[in-house]
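**Q** this is the structure alone, sequence omitted:
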């Protein structure tokens, strides 16, 4: 079933939801008799990937502020940016929208936002579900995306590589359990800013430049760089002004989160990191909107050393 | 990220979770450097389908009774039975396990159950996420499955067809909002019985028999048959003893749910319905475990007429 959805005017509302989804379908997608199953006709026999991610407790802020558009963008960004890391081209999307109570406006806002973004990128929305969990504190938008992989890449940095950072839009969609603990019940507008989507800049980059490794900076912050360092390399990070932490990060630091915890929990202004050979790295920086030199990769033991933009001290983990 | 998962002994626990998933991988699935992305190598260029479904408020009962194995089977069954309807062969699975609090035992139980069931059917578990939503009352297991479609089928019954019903295991995973309203806080063991999986019987059936239409009886009960009737056919249903409602359904009926509401909310003993030509239908019944003649398809206006097994009255909707 496309939407498991129990409500009074169920049929009519499902029709509305289907109408939104159908805006992302092309003639190569046909549907079966009960109108519920768009079938994806494959054109190329390429390896593929399935990926799932949601917005976690950021959904509590979106529900309170009714920022449903931003909630949808967050969920989409979390998935698309992870796909970018493996150079995967997204082609189909299933959404799982969990609400603490039935709210047709919220459902349609989320679907419309997803549909608009999917159309831009030729992603077909194949369906989803909208369960109501009455005791949840916020909403959750969880998305599963299928992507094909034109070329399987070895995602590993090399000694001597330069790290290029891409500007984040703020907190993105991770670390909100910590944020809630620090901020308590205070509502800060920055808590609903949607996550930046990097895939549209990354995929073309892979065609024309020698990219050794990529990392989406999410939960775990800069510790995620270990994924591209392995056990024989270290990363030295020194944030340039262009990538310095936004106000919200300074606010959290001021309220007692240490530099080390800041960098191992949040993106601190840098949402995506790319490792490239030093030679030619200036060109990569130039073509990437919001890109700047962030640091370097050296022989080591899998550690990340950061000169903290909060207090100037050196942080290491 | 395979599992978005913030916990103290995070690495070790993710290793444990990954170990379970990896039992479903074969050599044709390779993983990228950060160990997180199994890549599916396609062998056939066939149309495919993505499908998502979860267990909804049945998760409240599973959480209370700690019946995690049954919760995993429920989520899997809901998806596999929907795939059966379009004759799709499942090949990859992403899971989204939402918990009201961190519970490693629950996570591993769910993953192990899914892995065991996936291995049986050559489905690769490509990953998922395990968000903690502290204010949820129960858990939710939501699954997205990718399946390929060897042959696109027109899922429509024809006048003169016979309806074959397949025995359910009880409530399955729908109508639990209603169940809770009727039963209140009473805990009934039947509320955690896992949903029956039909796909293993259905897919071989499609190869050797002329099947006009299929319907997984979920939320909406027998009203789901409209999906295969369209506007020009009616279904006449008269449950044989072999498919009569289990005790839990009589309990709900006794507590005030009308026959009409019973049949338009619950499966009432019949979890899957198949429309086949009358000639040869005896053979279909014979090869299907738990199968029995349930009724017939006649010219009409898209209505379902049922002789109620609860009070003998005729129900129509």
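**A** Perfect, I can see it now. Note that the structure is a prediction, hence the values are computed from the model and not measured.
**Q** need the pLDDT of the residue of the stretch 101-250 of chain A at minimum distance from chain B.
**A** Residue nearest to chain B within the stretch 101-250 of chain A: residue A:227 (3.5 Å; Cβ to the nearest Cβ). All C-beta atoms are positioned from the backbone trio N, CA, C, and that covers glycine. As predicted, residue A:227 sits at a pLDDT of 89.
**Q** let me know the secondary structure of it.
**A** helix (DSSP: H, G, I helix; E, B strand; the rest coil).
**Q** same check, this time on residue A:169
**A** coil.
**Q** what's it in contact with, if anything?
**A** Listed by Cβ atoms under 8 Å, 6 or more residues apart in numbering or on different chains, the contact set of residue A:169 reads A:193, A:194, A:195, A:196, A:271.
**Q** looking at chain A, which helix or strand is least sure?
**A** Least confident helix or strand, chain A: strand A:29-31 with a mean of 54, by mean pLDDT, DSSP states H and E.
**Q** rewinding a little: dump the contacts of residue A:169 to TSV, plus neighbour count.
**A** Formatted as TSV, these follow (neighbours: other Cβ atoms under 10 Å in any protein chain shown):
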residue	neighbour count
A:193	21
A:194	23
A:195	27
A:196	20
A:271	25
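**Q** switch those over to CSV; also include pLDDT and secondary structure.
**A** Below are these laid out as CSV (pLDDT from 0 to 100; DSSP: H, G, I helix; E, B strand; the rest coil):
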residue, pLDDT, secondary structure
A:193, 97, coil
A:194, 98, coil
A:195, 98, coil
A:196, 98, coil
A:271, 98, strand
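**Q** near chain B, from these?
**A** Here nothing survives when the contacts of residue A:169 are matched to chain B using Cβ under 8 Å from any Cβ of the partner chain.
**Q** so residue A:200, which of the three states?
**A** helix.
**Q** quick one: contacts for the closest residue in space to it that isn't next to it in sequence?
**A** Nearest residue to residue A:200 in three dimensions, chain neighbours excluded: residue A:121, at 7.4 Å (Cβ to Cβ, 6 or more residues apart in numbering or on different chains). Shown in contact with residue A:121 (Cβ under 8 Å, 6+ apart): A:80, A:90, A:199, A:200.
**Q** farthest-apart pair in those, please.
**A** Using Cβ to Cβ, the two most remote members of the contacts of residue A:121 are A:90 and A:200, lying 10.7 Å apart.
**Q** who's more crowded, these two?
**A** Taking other Cβ atoms under 10 Å in any protein chain shown, residue A:90 and residue A:200 do not tie; residue A:90 has more neighbours (23 against 12).
**Q** isn't the more buried one right next to residue A:146, touching?
**A** Yes. Using Cβ atoms under 8 Å, residue A:90 is in contact with residue A:146, at 7.2 Å.
**Q** overlap in contacts of those two?
**A** By Cβ under 8 Å, 6+ apart, no residue touches both residue A:90 and residue A:146.
**Q** which parts of the stretch 201-317 of chain A are helices?
**A** For the stretch 201-317 of chain A, the helices defined by DSSP state H, counting those that start in this stretch occupy A:226-229, A:247-254, A:259-263, A:281-287.
**Q** quick one: these as a markdown table, columns for distance to residue A:52 and mean neighbour count too.
**A** Formatted as a markdown table, those follow (distance: least, Cβ to Cβ, whole Å; neighbours: other Cβ atoms under 10 Å in any protein chain shown):
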| stretch | distance to residue A:52 | mean neighbour count |
| --- | --- | --- |
| helix A:226-229 | 18 | 23 |
| helix A:247-254 | 27 | 17 |
| helix A:259-263 | 26 | 21 |
| helix A:281-287 | 30 | 15 |
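**Q** generate CSV for those, with distance to residue A:241 as supplementary columns.
**A** Below are the helices of the stretch 201-317 of chain A laid out as CSV (distance: least, Cβ to Cβ, whole Å):
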stretch, distance to residue A:241
helix A:226-229, 24
helix A:247-254, 14
helix A:259-263, 17
helix A:281-287, 14
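**Q** residue B:50 is nearest to which of those?
**A** Residue B:50 lies closest to helix A:226-229 among these, at 26.7 Å (Cβ to Cβ).
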